[in-house]
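Engineer: Attaching a predicted model along with its sequence, questions to come.
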Amino acid sequence: KRNTVCVSTQSGCRMGCLFCVTGSYGFHGNLSAGEIVNQVISIPEASKVNHVVFMGMGEPLDNLENVLKACRILTAEWGLALSPRNITVSTVGITPGIEKFLGSSECNLTLSLHSPFPDERKLVVPAEKSYPVNEIVGIMKNYSLKKYRRLTIAYVMIRNLNDTDLHLEGLKSLLAGSKIRINLLPYNMVPDDQNTSSTAERIQFFKHNLVISGISASIRKSRGVDISAACGLLATGLNTQGYHGMSLLIY
């Protein structure tokens, strides 16, 4: 029942997150609102699309004005008339952008976390140095949500790196008493990568313990690995040959 298109907001990215291949591709420019929307309306299955996720190449909040324009076009009656609750924008965290996005749009927001510990996150997500995740999660916790709007933490699980019992307790502490949902994802490997994904059993263990602690949690199945278009893989293989990150997934 769900047909989702994953769109890019930039050609490349300047966030430099170590777990994401796109960062090594470098930054080649922002996409316009029209170019973002065109990733939805130009595919043969456009009439079947009912969900859009801004989780492709680029950092959406680094191109905020065009992202907000695209969200308005996607949700307006004169546009694609999609429900805002069916659109999700993903970010590694830019505090001013998060505040403006929450106040200017009714679409969902997902924060890519990597680690509940700031010193550890800083080594992998450079944005942590300027925009501390504790501050961002505090904003998300205190934001008054309208019905059906969802704020989510995306947590890519890497074996023996961020899937320890200590990390589990850190997540519980970070999200305790909030309505923020946590989405657990397997890690997608790239060639010559020494990191591997946590086992399915370990991911399930995290989910179970988060849920019984009163934290909403789910496991997201990764899609698009076969065409190098899954989370963190854009800019590999065919995606660097002239497409500039505008690869699409429909599932």
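Structural biologist: Perfect, thanks for sending it. On a predicted model such as this, the values are computed, not experimentally measured, just so you know.

Engineer: So E106, which state does it fall into?
Structural biologist: Under DSSP: H, G, I helix; E, B strand; the rest coil, E106 falls in the coil class.

Engineer: Count the residues that sit near the nearest residue to it once chain neighbours are set aside.
Structural biologist: Nearest non-adjacent residue to E106, counting by CB to CB, 6 or more residues apart in numbering: P84, 3.9 Å away. Where C-beta positions appear, they are placed from N, C-alpha and C, glycine not excepted. Applying other CB atoms under 10 Å, we find 17 residues neighbouring P84.

Engineer: Residue ranges in the stretch 101-250 of the chain under the pLDDT threshold?
Structural biologist: Along the stretch 101-250 of the chain, the model assigns pLDDT under 70 to residues 190-191, 222-250.

Engineer: Tell me the buried residues in stretch 37-57?
Structural biologist: V37, Q39, V40, V49, H51, V52, V53, F54, M55, G56, M57 (16 or more other CB atoms under 10 Å).

Engineer: Return the member of the residues you listed nearest to N30.
Structural biologist: Checking those against N30 by CB to CB gives M57 as the nearest, at 11.2 Å.

Engineer: Double-check that the closest one belongs to a strand.
Structural biologist: No - secondary structure of M57 (three-state DSSP): coil, not part of a strand.

Engineer: Name the SS class of the closest residue to G29 other than its chain neighbours, please.
Structural biologist: In space, G29 comes closest to S11 once its chain neighbours are excluded; the distance is 5.1 Å by CB to CB, 6+ apart. At S11 the chain is in strand, as set by three-state DSSP.

Engineer: same thing with G214?
Structural biologist: Taking three-state DSSP, the label given to G214 is coil.

Engineer: any idea what sits nearest it, other than its immediate chain neighbours?
Structural biologist: Once flanking residues are discounted, G214 sits nearest to A176: 7.6 Å by CB to CB, 6+ apart.

Engineer: What is the neighbour count of the one you found?
Structural biologist: 11.

Engineer: Just the buried residues of stretch 37-57: which are in strands?
Structural biologist: H51, V52, V53, F54 (DSSP state E).

Engineer: residues touching the third one, list them.
Structural biologist: To tie it back to what came earlier, the one meant is V53. When contacts are counted by CB atoms under 8 Å, 6 or more residues apart in numbering, V53 touches T4, V5, C6, V7, I87, T88, S90.

Engineer: Roughly how far does it sit from L74?
Structural biologist: Separation of V53 from L74 (CB to CB, to the nearest Å) stands at 11 Å.

Engineer: Over to the last one?
Structural biologist: Distance check for F54 against L74: by CB to CB, it reads 10 Å.

Engineer: what do those two both touch?
Structural biologist: With CB under 8 Å, 6+ apart as the test, F54 and L74 both reach I87.
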